[in-house]
Structures are given as structure tokens and as C-alpha cells.
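Q: give me a 3D structure for the following:
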Amino acid sequence: MEKRRFALIGTGNRGTTMWGKDLLSGWREHVDLTAIVEKNSLRGERARTMIGSNAPLYENIDAMLAEQKPDLAIVCTPDHTHDDIIVRALESGIDVITEKPMTTSVEKIRRILDAEKRTGRRVDVSFNYRYAPTAAKIKELLNSGEIGRVTSVDFHWYLNTKHGADYFRRWHAYTENSGSLFVHKATHHFDLLNWYLDSDPDAVTSFADLQNYGRKGPFRGPRCKLCPHKQECDYYLDLEKDPFLDTLYEDPSKIDGYFRDGCVFREDIDIPDTMVASIRYRNNVHVSYSLNTFQPIEGHHLAFNGTKGRIEIRQYEAQPWEEPQEDTILLVRNFPHRKEDVERIKVPHSSGGHYGGDDRMRNMIFKPDMQDRLAQRAGTRAGAMSVLCGIAALTSSRTGKVVSISDLMPELANDGSPNSLKAS
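A: Numbers count the residues shown, from 1 in each chain. Next up is the predicted model:
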């Protein structure tokens, strides 16, 4: 079996683990790491050691492409840099896997779509949540028509004070880098909605504010390591207690000035931490969505309301009580309102990241002859639609207006595609 020779571009947490060490560990018969690209040379060296590879290191993609001939580039750099790297890789004649979000602006989406069409190469967007066993089961139930035609959805995502705060320590805290969490984090959620509903978002209205982090904080310091308030700050991060992060970021920060323990109360943070949105879909489904970033719990609540019933789940990922080792999907039929019309569908948690979603996605991409019966493999159109939904939500929150997807990118919203994203 011929292996796919890939270049890893970007060696942060996700690149070093998911697309580095873990990929080689579980899929070595299908892939071969032939190059690592990281502009911070020390971080690149340390990541290579963590990955367990002897692949050559490069500080930019052009130098790598001049010497190596990979079949594939895996992009794990900050969001706003994705388009340049994706386009350069496509133009060199290789396929791309990009971490989500695909990119951060309408102009960057256009660049990627144009390059993919022009070169005939393929871009996969790593929407691993589609592959989680619980998500797959929900998709099967929706496809089977168990609750009839879906009319509305309630979708609320909760990030706890460990995970949620981390976005405000890092480069994500600035709109120019991440497009805000409406793009960076919610791209997962909007893509799930697009995929579940087999439709495109049509119009978005939203509210968002910074209520806890940034300038709303009671004090601030240059970074956690040097902060005079570390004894009283609930968000203090001691990098020395996390050998992985300390090794990958602390000494390398002397090269690029990027500190992994940035103060969550920096006054120049410009992304919201509390977000709500209403979304109307092309198939006339109405969605109520929210994202909260400083909760005592982690997980989400999701409910589909249909003409014949309701599908509901409360998924627990982290909370201050014993966690269940399975998810329970409630399938409730509208008539005749009897106890026996409530079906509790148990879905055991699977090993691996995102309850097994990471492993299943890598299987789909790298193993031959995989059947994609649920249309889980996502391409540029799916990547674009989730980003456009996030851009529309952020724009609405800042302007107070309802934002139409077709106004943002008419050529994609009106490209003649049906509601379905199966071809994406």
C-alpha cells in the first residue's frame, strides 16, 4: 500500500499531537511525515522530538516545497494564516487538510475556493465533531425521519473556566487572528448544524459582549509567570506544572515573543466571551444558538423540534461531579404522549479525542475504501459555510442588523447547490 507523504505545517498543540504523534502512531501504514514547517525553530525542534520523527525542519513553506515533494500538507497554524498556506500548497500540486476554521474572512474564502477549483486539488476541513459516535447517531435519527420535518433547533455550548479561558490567553483573543470565537470555536457548531439539517444558513442575527475577560477583569499583569496578582487570580496558569506546554512554548517564546500564559484580562482583547445568535436556514429551520466561555461546566445542550417529535441531548464533557461514561439521546414522539413514547438511546463514549471523532475522521481520510454514508467528510464548501455563519454572527453583533449570507458571498449562497451539503 502506497503511503501518503505529508508535510506538517504548524506545531502547536493540535499539530504536534493530533496530526503529528497520534497520526504516526495509529496510521503509520498509511502516512509518512516527510517535513515539518514551523517558523519558530526551537518550537519546531521540540515538537519533532515529541512527535518522534526525524523529518527535516523548515521555517517556511516555500523552502520546504523547494526541497520536498509531499502529497499532502496538513495546516495547523493560526487561523488567519490558513489561506496563504492552503493556496500555496494547492498551487504546488498537493492536497490539503486544514484545521478548523478553514479561514477567517470572505476574501480568504474566495482565495481558497478559487485555488482549489483552478488546481483541481482537494482540501479537507477537519470537522471532527461530525464523526463522534453520538453526533453520527443523531444524524441517523434525523435522516430516518423519526421526528418528521425539523422546524427549530436549540443549541447551547458551554466552555468551562479552564477551556474557555485558554482562548483568552492565546492568539485567539484578537479578531484579526481568529475571527472571534464566532468563527474559531463556533465553526464546529455551525458546521454541525449545517450537516445535521442538510441545509445552508440563510440569515443571522446576534448579540455578543465581553463580560468577564479582557478589560472586564479586576486586575492584570504582563503574563501569568510575571503577574503580581497570581495568588488572587482564579485564572492563573502555572506553565511549569504542564510539562507539555512548558516545553513547547516557554523557551521558544524567547524567539517569537509568544507567551502561552498571556493574561486573560489584557485590555486590548477584542473578542466577545458571551454570544447568542438566531439563524434562519434555507429550508426554513430556525435555530437558537449560544456560546458561553466561563462556566463551571463543559458540554452542550442540543434539541431538534420536529413535526412528529423531538430529539434532545445534554452532553457532559467536564463538570464538578462524576461524569457519565455514555451519552443519552432522548427521542420523544409527539403522540399520544405516553411514557412508552420516550426512547432513551444510549451511546457509549469511545476512546480517543472528541469521544472517538478524531480517530474516525483520520480513518475516513487515510484508510482506503471507507464508506461515507453520513457525508461526514467535509470540504471547502462546508468550511466556507460555517465560517460565513460565524462572520455573519459577529457582524450582526457589531451592527445590530440581520446579516444575509447571500450578501456576504452571493456567488456561494446562490451557486445553484441544493440545500444539501452532501457534495461538500
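Q: could you list the low-pLDDT ranges of the stretch 201-350 of the chain?
A: Applying pLDDT under 70 to the stretch 201-350 of the chain picks out residues 336.
Q: and the helices in it?
A: Assigned by DSSP state H, counting those that start in this stretch, the stretch 201-350 of the chain shows helices spanning 243-245, 253-256.
Q: present those helices as CSV; the columns should include distance to Leu394.
A: C-betas here are computed from N, CA, C, even on glycine. Listed next are the helices of the stretch 201-350 of the chain as CSV, based on distance: least, Cβ to Cβ, whole Å:
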stretch, distance to Leu394
helix 243-245, 29
helix 253-256, 27
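Q: now distance to Ala136 and mean neighbour count too, for those helices, in a markdown table please.
A: Converted to a markdown table, the helices of the stretch 201-350 of the chain look like this (distance: least, Cβ to Cβ, whole Å; neighbours: other Cβ atoms under 10 Å):
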| stretch | distance to Ala136 | mean neighbour count |
| --- | --- | --- |
| helix 243-245 | 30 | 12 |
| helix 253-256 | 40 | 13 |
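Q: need the pLDDT of Thr34.
A: The confidence metric pLDDT takes the value 98 at Thr34.
Q: just the element for it, please.
A: Here Thr34 sits within strand 31-37, counting by DSSP states H and E.
Q: gap between that strand and the chain center?
A: Here the centre of strand 31-37 is set off from its chain's centre by 23 Å, with Cα atoms, centre = their mean, to the nearest Å.
Q: the chain should start at 31 in everything you say after this.
A: Renumbered: residue one is now 31, and that last one reads strand 61-67.
Q: please could you give me each C-alpha atom of the helix or strand hosting Ala423, formatted as CSV?
A: Here Ala423, judged by DSSP H and E, is contained in helix 410-429. Extracted in CSV, the C-alpha atoms of helix 410-429 (Å, rounded to 0.1, in the frame of the first residue of the first chain):
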residue,chain,number,x,y,z
THR,A,410,-14.3,23.7,1.2
ARG,A,411,-17.9,24.4,0.7
ALA,A,412,-18.7,23.1,4.2
GLY,A,413,-15.7,25.0,5.5
ALA,A,414,-16.9,28.2,3.9
MET,A,415,-20.5,27.9,5.1
SER,A,416,-19.5,27.5,8.7
VAL,A,417,-17.1,30.5,8.5
LEU,A,418,-19.7,32.6,6.8
CYS,A,419,-22.2,31.9,9.5
GLY,A,420,-19.6,33.0,12.1
ILE,A,421,-18.8,36.1,10.2
ALA,A,422,-22.5,36.9,9.9
ALA,A,423,-23.0,36.5,13.6
LEU,A,424,-20.0,38.7,14.5
THR,A,425,-21.1,41.3,12.0
SER,A,426,-24.7,41.3,13.3
SER,A,427,-23.5,41.7,16.9
ARG,A,428,-21.5,44.7,16.0
THR,A,429,-24.0,46.4,13.7
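Q: each with direction, which strands does whichever helix or strand comes after that helix pair with?
A: Moving toward the C-terminus from helix 410-429, the next helix or strand (DSSP H and E) is strand 433-434. Its sheet considered, strand 433-434 pairs with strand 231-239 (antiparallel) by DSSP bridges.
Q: what's in contact with the partner strand?
A: Strand 231-239 is contacted by residues 210, 212, 220, 223-224, 302-312, 415, 418-419, 422-424, 426-427, 431-436, 443 when judged by Cβ atoms under 8 Å, 6 or more residues apart in numbering.
Q: now, of these, which are buried?
A: 210, 212, 220, 223-224, 302-312, 415, 418-419, 422-424, 426-427, 433, 435, 443 (16 or more other Cβ atoms under 10 Å).
Q: quick one: Leu171 and Gly178 touch, right?
A: No - at 11.5 Å, Leu171 and Gly178 do not qualify as touching, with contact defined as Cβ atoms under 8 Å.
Q: neighbour-wise, which of the two wins?
A: Shown here are Leu171 and Gly178; by other Cβ atoms under 10 Å, Leu171 has more neighbours (19 against 13).
Q: for Thr258, give me its contacts.
A: Residue 258: Pro, not Thr. Taking Cβ under 8 Å, 6+ apart as the test, what Pro258 contacts is Gly251.
Q: against Val180, how distant is the residue lying closest to Thr134 once chain neighbours are set aside?
A: Nearest residue to Thr134, sequence neighbours excluded (Cβ to Cβ, 6 or more residues apart in numbering): Gly209, at 3.7 Å. Note on Gly209: its distance to Val180, by Cβ to Cβ, to the nearest Å, is 28 Å.
Q: now swap in Lys33 and tell me
A: From Lys33 across to Val180, the span is 42 Å (Cβ to Cβ).
Q: same check on Gly382?
A: From Gly382 to Val180 the distance is 29 Å (Cβ to Cβ).
Q: which residues touch Thr425?
A: Here Thr425 is in contact with 431, 433, 438 (Cβ under 8 Å, 6+ apart).
Q: need phi/psi at Asp221.
A: phi -70, psi -40 (degrees, to the nearest 10).
Q: tell me the confidence at it?
A: 98.
Q: what does Asp388 give?
A: For Asp388, pLDDT reads 95.
Q: now swap in Ser450 and tell me
A: 42.
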